[in-house]
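Student: For reference, the sequence and a predicted model appear below.
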Protein chains: 2
Amino acid sequence: MNAPAVEVTEHANRRGGGRLGRKALRGIPMASFPTLVRKIPVYEMVPDEAVELIHEESLLILEEVGCEFRDDEAIALWKAAGADVSETRVRIDRALLMELVSKVPPEFTLNARNPERTVRVGGKNSIFVPMYGAPYVRDLDNNRRYGTLADLNNFHKLAYMAPALHSSSSVICEPMEIAVPKRHLHIIHSALKHSDKPFMGIVTSKERAEDTMAMAGIVFGEDYVRDNPVLVSITNCNSPLVWDATMLDAMKVYARHNQPLILAPFALCGASTSASAVGAVAQVNAEALAGVAFTQLLRPGSPQLYGQFMVTVDMKTGAPMGGTPEAAQMMYLMGALARKYRLPWRTSGFHVGSKLNDAQAGYEANMLMHAAILAGANYIWHSAGWLEAGLSCGYSKFATDCEQLVGWYKYAGGLPFDDFKEAMAAVREVGPQGHFLGTKHTLEHFESAFFIPSIMDFNSYEQWKAEGAKDHDTRGREKARNMLADYEEPKLDEGIAEGLKDFIARREEALPNSVS
Amino acid sequence: MNAPAVEVTEHANRRGGGRLGRKALRGIPMASFPTLVRKIPVYEMVPDEAVELIHEESLLILEEVGCEFRDDEAIALWKAAGADVSETRVRIDRALLMELVSKVPPEFTLNARNPERTVRVGGKNSIFVPMYGAPYVRDLDNNRRYGTLADLNNFHKLAYMAPALHSSSSVICEPMEIAVPKRHLHIIHSALKHSDKPFMGIVTSKERAEDTMAMAGIVFGEDYVRDNPVLVSITNCNSPLVWDATMLDAMKVYARHNQPLILAPFALCGASTSASAVGAVAQVNAEALAGVAFTQLLRPGSPQLYGQFMVTVDMKTGAPMGGTPEAAQMMYLMGALARKYRLPWRTSGFHVGSKLNDAQAGYEANMLMHAAILAGANYIWHSAGWLEAGLSCGYSKFATDCEQLVGWYKYAGGLPFDDFKEAMAAVREVGPQGHFLGTKHTLEHFESAFFIPSIMDFNSYEQWKAEGAKDHDTRGREKARNMLADYEEPKLDEGIAEGLKDFIARREEALPNSVS
């Protein structure tokens, strides 16, 4: 796997500070790419007037129908802000809505425990983030089973090693053997211990969000995490038009710490929205804007991510689908709206409906990532591992996605013109019927010119057969296994490591073993 | 598989003229989509100045280095036109080049033997065309073996049945059991007999091109095919910068019949071009323009297709790759150049390096088709069946690609806004926390709102397992098998069918059994 022309940083904690040589030859990623700064234009699928039309319809929904905010404190805040409140229904006029939305900074810095992994989100800056929330894994032996803490550790290790992943996410898979009330402690610990990239918060209760912040405080300093973004958390609107108490509780904890939230309706288009791609976008836009606006009542100027998770539904069975044409089209609309509002924007990359890392997964994954890249997404989530509409995280899929991300990083980096004149000189040098393999230009650009994936196989049929005629899924599992064998932990400072352990022990004692 | 909102035409020769009902329920495509008229904007990856820079470098190459035309008649034509000719090297100044290129019509009609299958190519009009030239097939039992005439018949049947394919191609796979000198007769016969869509010509010798035209004449009328396009033929420049005698012979036959040629360098970027995506495009552009210009010496005003086949090369092994980021980026550049010259433009859609219809194939295929659609390609070739860098045609891949094309057809048709107001009325009707499944709008738009593929599986894991836990590759083979079981031949007029048989018998007698 060749790296784009970016700064290569050696692992922070490589044993003996050894040379890149032998390991690099074995194909282990030794580079971590900085923030992807997109150098290609965004694709506008519809004209500005169409975007304005959607915007207008979204505002009308918030003014006429309003949105539910099912929490007393939230309702009090909306009343104080001057919204039209009736029980839990909040109708927000456009002036108030847009005033609040405009307080969100268009870009923010997301700090990592290793400063070399700190990234920028918003504007032309994009990051790739692994999936989140799978109860199942498709494991290294191709079995589907419940996720465990060992699996979660593995996925955090892979996220750390993947050069184009900019985050470790958090609950990539659920460690199902750990009691629910204590699980969040081990999820956050795994992310912090096995990787030094930014991560994600827990949102399933106020208490768990507070524990997340406490653990972040141990690593970064309690004062530091009151103002400086170190993690991103997801809050989903319950489409249509409901922000529920659990989500609002999480928002309160994180926004007040200046930690960015993703305000993203989880929409099954056709079921929780109308059977119209444009209609679905207008509804989801209203829901997301209401959420974004609310965060600014909690802490004006706090960084936030506008966004969506939108899949279409098989209208015959009700099943959510993955990489469909409409999912891509809706991304272009959401991107245009995000730019209109100057909001950092989250979408999803490689999320698929397929149960396996097979042709379906490939077709679906690429459909969505291509759109995410051209639509100018900033926080490209679910960019590694996702199978089965999110029910399962696959090792093979994870490794495949990580490799493909390197290609997308290069793609979004644009076409280099700096060696164009020399390339044309090579044409003159070679002339008709020659070949270019020995030219000076080729020798100089041999390694950087083209993306060369390693899990994909381009050998001759005969060579491929001699190597076992393995399909991509099999090669992906092998790649994941090999990566894990070469993993080296980016060790935490001993005091911090102890602090985390103590905190977890204390909280484990305090917390019950089952949800009452 | 649901169809986009296009005119549905019943099969021309359905037995008993029966009802759509039962068959439609069994999922057999009963619709053939008209020309795809793109309703989404093209994506311009680079600014106009970059396109001009490439154009300028291409012209310099043709003026300074020139291009080989290895045929006496071609050389004589270039001399007569005023080019700078030295033996077989032709240097073409920009005035002459652009004058010739400007004679090519920006759009043309490609006539089918069933007028309902006649399509338009160029401008906003695009068509999807199956692959071409595979010696091997990956068959219905998942074995890789030589292609046979029975396979070729099958692929022509599938091409006929796929609603979003607009052509039957010709030599989708090679019927390897037939002697090479006689093979072309059976290839063209298979395409004409099993499908009523436009097809492609044979280019491997002057005589075979003439036989192709004679057979087309039997079907369409000898006079008709002297002026009216009924088939498209491929002529590849031998990169770098060589148009060889075989290709020039084919050009002479087809262009003089006003039958469109694809003037497309077959470039292994990094080997037959420089190791620069931009440099490769500038070279290929020069080669294609030289070919297009030459056709206008043969017949001014004849319809032609500018284009390219460009894959990058794994610089470690020399193997051609498939759906890489650079292949997509180069497509955007070629599309921009085609628009600059107002030329109908050919690229390729689903061509992959993978040996199997697996995750690699899916990732690769979608990478390229997404670019082909957004780059505004007109003749989207290799849009069904392609595996192994073209060495093999897969039944599963063919069926998968055909289904995906329906999605791409819908994607390129743009986002419908016509029911937007009603969709928003549904949001008001449903309100917070409702669902949309029973609303009037949903019931009315149930079938057309979202693309629902049938080979892809979105069932629950449990349902999928109960049905055999089949991967996409397996389901694709089943789909191909089922389609073939339901095939009904669009019968030729008896006199025409006899005429073709007589011609083939006569030619078979005259032709040798082996190439001397």
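Tutor: Cool, got the structure. Numbering: from 1, shown residues only, chains lettered A, B, ... in the order given.
Student: so what's the residue in the stretch 401-516 of chain A that chain B sits nearest to scoring on pLDDT?
Tutor: As assessed by CB to the nearest CB, chain B sits closest to A:A423 within the stretch 401-516 of chain A, at 2.7 Å. Where you see a C-beta, it was placed from the backbone N, CA and C, and this is true even at glycine. Looking at A:A423, its pLDDT stands at 97.
Student: could you say which helix or strand contains it?
Tutor: helix A:420-430 (DSSP states H and E).
Student: Give me the distance between whatever residue of chain A ends up closest to chain B and A:A480.
Tutor: With CB to the nearest CB, the shortest gap between chain A and chain B falls at A:G362, namely 2.1 Å. Between A:G362 and A:A480 the distance is 17 Å, computed by CB to CB, to the nearest Å.
Student: what's the answer for A:A412, then?
Tutor: Using CB to CB, A:A412 is found at 25 Å from A:A480.
Student: who in the stretch 151-300 of chain A is up against chain B?
Tutor: A:238, A:240-242, A:269-280, A:282-283 (CB under 8 Å from any CB of the partner chain).
Student: The stretch 1-150 of chain A too?
Tutor: Residues of the stretch 1-150 of chain A lying close to chain B by CB under 8 Å from any CB are A:40-41, A:43-46, A:50, A:53, A:57, A:60-61, A:64-68, A:89, A:144.
Student: Next step: those residues restricted to strands.
Tutor: Among those, the ones falling in strands (DSSP state E) are A:67-68, A:89, A:144.
Student: now that we have the residues you listed, which one has the most neighbours?
Tutor: A:C67 (26 neighbours; other CB atoms under 10 Å in any protein chain shown).
Student: show me the contacts for that one.
Tutor: A:89-90, A:92, A:237, A:241-243, A:286-287, A:290, B:432 (CB atoms under 8 Å, 6 or more residues apart in numbering or on different chains).
Student: Could you rerun that using 7 Å?
Tutor: A:90, A:241, A:243, A:287, A:290, B:432 (CB atoms under 7 Å, 6 or more residues apart in numbering or on different chains).
Student: what's downstream of the helix holding A:A423, the next helix or strand?
Tutor: Toward the C-terminus, helix A:420-430 is succeeded by helix A:440-445 as the next helix or strand (DSSP H and E).
Student: circling back: quick one: which of A:A412 and A:A480 has more around it?
Tutor: Remark: of A:A412 and A:A480, A:A480 carries more neighbours, 27 against 21, as counted by other CB under 10 Å.
Student: Next, the contact list for the more buried one, please.
Tutor: Counting by CB under 7 Å, 6+ apart, A:A480 touches A:140, A:158, A:395-396, A:398-399.
Student: Does it lie in a helix or a strand, and which?
Tutor: Counting by DSSP H and E, A:A480 is found in helix A:472-485.
Student: Return the set of buried residues in that helix.
Tutor: A:472-480, A:483-484 (16 or more other CB atoms under 10 Å in any protein chain shown).
Student: And stretch A:177-194, by the same measure?
Tutor: By neighbour count on 16+ other CB under 10 Å, the buried set for stretch A:177-194 is A:178, A:181-194.
Student: And stretch A:166-177, by the same measure?
Tutor: Neighbour-count burial for stretch A:166-177, counted by 16+ other CB under 10 Å, picks out A:166-176.
Student: quick revisit: buried subset of the residues of the stretch 1-150 of chain A next to chain B?
Tutor: Buried among the residues of the stretch 1-150 of chain A next to chain B by 16+ other CB under 10 Å: A:40, A:43-46, A:50, A:53, A:57, A:60-61, A:65-68, A:89, A:144.
Student: re earlier: contacts only, for the residue of chain A closest to chain B.
Tutor: Applying CB under 7 Å, 6+ apart to A:G362 gives the contacts B:359-363, B:366.
Student: Just list whatever residues bridge to the residue minimising distance to the centre of chain A.
Tutor: Centroid-nearest residue in chain A: A:W381, 2.0 Å away (criterion: CA atoms, centre = their mean). Per DSSP bridges, the residues bridged to A:W381 are A:S348.
Student: Just the CA atoms of the strand or helix carrying A:L289, as CSV, please.
Tutor: For A:L289, the host element (DSSP H and E) is helix A:277-298. Extracted in CSV, the C-alpha atoms of helix A:277-298 (Å, rounded to 0.1, in the frame of the first residue of the first chain):
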residue,chain,number,x,y,z
ALA,A,277,-35.4,11.9,-1.4
VAL,A,278,-35.9,15.6,-1.4
GLY,A,279,-38.7,15.5,1.2
ALA,A,280,-36.5,13.4,3.4
VAL,A,281,-33.7,15.9,3.2
ALA,A,282,-35.9,18.8,4.0
GLN,A,283,-37.2,17.0,7.1
VAL,A,284,-33.8,15.8,8.3
ASN,A,285,-32.5,19.3,7.7
ALA,A,286,-35.2,20.7,10.0
GLU,A,287,-34.4,18.1,12.7
ALA,A,288,-30.6,18.7,12.5
LEU,A,289,-30.9,22.5,12.6
ALA,A,290,-33.2,22.3,15.7
GLY,A,291,-30.5,20.2,17.4
VAL,A,292,-27.7,22.4,16.4
ALA,A,293,-29.6,25.5,17.6
PHE,A,294,-30.3,23.8,20.9
THR,A,295,-26.6,23.2,21.6
GLN,A,296,-26.0,27.0,21.3
LEU,A,297,-28.4,27.5,24.1
LEU,A,298,-26.2,25.3,26.2
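Student: That helix vs helix B:420-430, what angle?
Tutor: Put simply, helix A:277-298 runs at 60 degrees to helix B:420-430, going by axes from the mean of the first three to the mean of the last three CA atoms, to 10 degrees.
Student: need the next SSE after helix A:277-298, C-terminal direction.
Tutor: Next helix or strand after helix A:277-298 toward the C-terminus (DSSP H and E): strand A:304-307.
Student: if we can go back for a sec, what two of the buried residues of stretch A:177-194 have the greatest distance between them?
Tutor: Farthest pair in the buried residues of stretch A:177-194 (CB to CB) is A:P181 and A:H194. Separation: 22.8 Å.
Student: what helix or strand does A:K465 sit in?
Tutor: Going by DSSP H and E, A:K465 is in helix A:461-466.
Student: which other helices and strands contact that helix?
Tutor: The helices and strands touching helix A:461-466, judged by 3 or more CB pairs under 7 Å, 6 or more residues apart in numbering or on different chains; DSSP states H and E, number zero.
Student: for the record, mean pLDDT for it?
Tutor: Average pLDDT, helix A:461-466: 97.
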